[in-house]
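Asks: Sequence plus predicted model, see below.
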Amino acid sequence: RNNTNWMTNVTVCEWYGLTCDYDDYDDDDNEGNNGMVTEIHLPNNRIRRDLPNEFTLLTKLRYLGLADNSLGKIDPLLFEMTNLDVIDFDNNGIKEIPNNIPRRNRLKELYLAENRISVIPSGIVALQKLEVLWLWKNSLVGTLPSFLAGMSRLVELDIEDNYLSGDLWPIAEMNSMKRLMAHDNILGGEITYDPYENNNNNNNN
């Protein structure tokens, strides 16, 4: 584990894995201030505990990268952080996605590959600004939920290497979809919509 400068007398902006933005600091007298934490990069750092409630005090946090740790779950409080754009929790032993996701969020990218998730909950549609969703190499079973087609900003979906079956076309024909990765499942169905052709038409208009 790398915890250089953590819990020492230096500012949090000098702690390993933290990035600050001093432009977001509101204090007029900002000489010597700590800045505001905007990014946390702590992959493969042997993190095994739940995130504390005080985590929500990081009101300017935009990126949370804790891949390759042992979190075990996604705390719903993360979706209450209205400035958080990216969550990267790949390979953390996570078994489920919270269903009680508040709609007041701005999350754009959610990375949950190489976990143990078996169900995509209907509550995920509350992530109305989500553009990228990675769920490859999980334990997803059953049919691909049709409600995903209602996520109108979803550009990239990776569900490869799971146990999904049924029709793929409702998701594949989403107007927003540009990159869909679904091999190593048991999915079928005729796809008539060509996202590449649609993009070319939009560019010509």
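Replies: All right, it came through fine.

Asks: At which residues are the helices of the chain located?
Replies: Along the chain, the segments classed as helices by DSSP state H run 169-172, 195-204.

Asks: Among these, which one carries the weakest average confidence?
Replies: Comparing mean pLDDT across the helices of the chain, the weakest is helix 195-204, with a mean of 52.

Asks: and the residue positioned nearest the centre of the chain, what is it in contact with?
Replies: Centroid-nearest residue in the chain: L110, 1.4 Å away (criterion: CA atoms, centre = their mean). Contacts for L110 (CB atoms under 8 Å, 6 or more residues apart in numbering) come out as 86-87, 127, 130, 132-134. C-beta here means a position set from N, CA and C on the backbone, and glycine is covered the same way.

Asks: Greatest separation within those residues: which pair is it?
Replies: L127 and W134 (13.2 Å; CB to CB).

Asks: where does the residue nearest to the centre of the chain sit relative to M81, distance-wise?
Replies: Counting by CB to CB, to the nearest Å, the gap from L110 to M81 is 13 Å.

Asks: Which neighbours do these two have in common?
Replies: Jointly contacting L110 and M81 under the rule CB under 8 Å, 6+ apart is no residue at all.

Asks: now, which of the contacts of L110 sits nearest E156?
Replies: Closest to E156, out of all of the contacts of L110 and judged by CB to CB, is V132, at 4.5 Å.

Asks: In this structure that closest one contacts L107, no?
Replies: No - with contacts counted by CB atoms under 8 Å, V132 stays clear of L107, the gap being 9.8 Å.

Asks: Looking at these two, which has the bigger crowd around it?
Replies: A side-by-side neighbour count of V132 and L107, using other CB atoms under 10 Å, places L107 first with 22 against 17.

Asks: Could you report the pLDDT at the more buried one?
Replies: The model's pLDDT for L107 equals 96.

Asks: quick one, what contacts it?
Replies: Contacts of L107 (CB under 8 Å, 6+ apart): 79, 84-87, 127, 129-130.

Asks: again, but for E160
Replies: With contact set as CB under 8 Å, 6+ apart, E160 has these partners: 136-137, 181-185.

Asks: Out of those, grab the one that's most surrounded.
Replies: W136 (21 neighbours).

Asks: Give the closest residue to N2 in space, chain neighbours not counted.
Replies: Once flanking residues are discounted, N2 sits nearest to Y16: 5.1 Å by CB to CB, 6 or more residues apart in numbering.

Asks: The one you found: neighbouring residues, count only.
Replies: Neighbour tally, Y16, other CB under 10 Å: 13.
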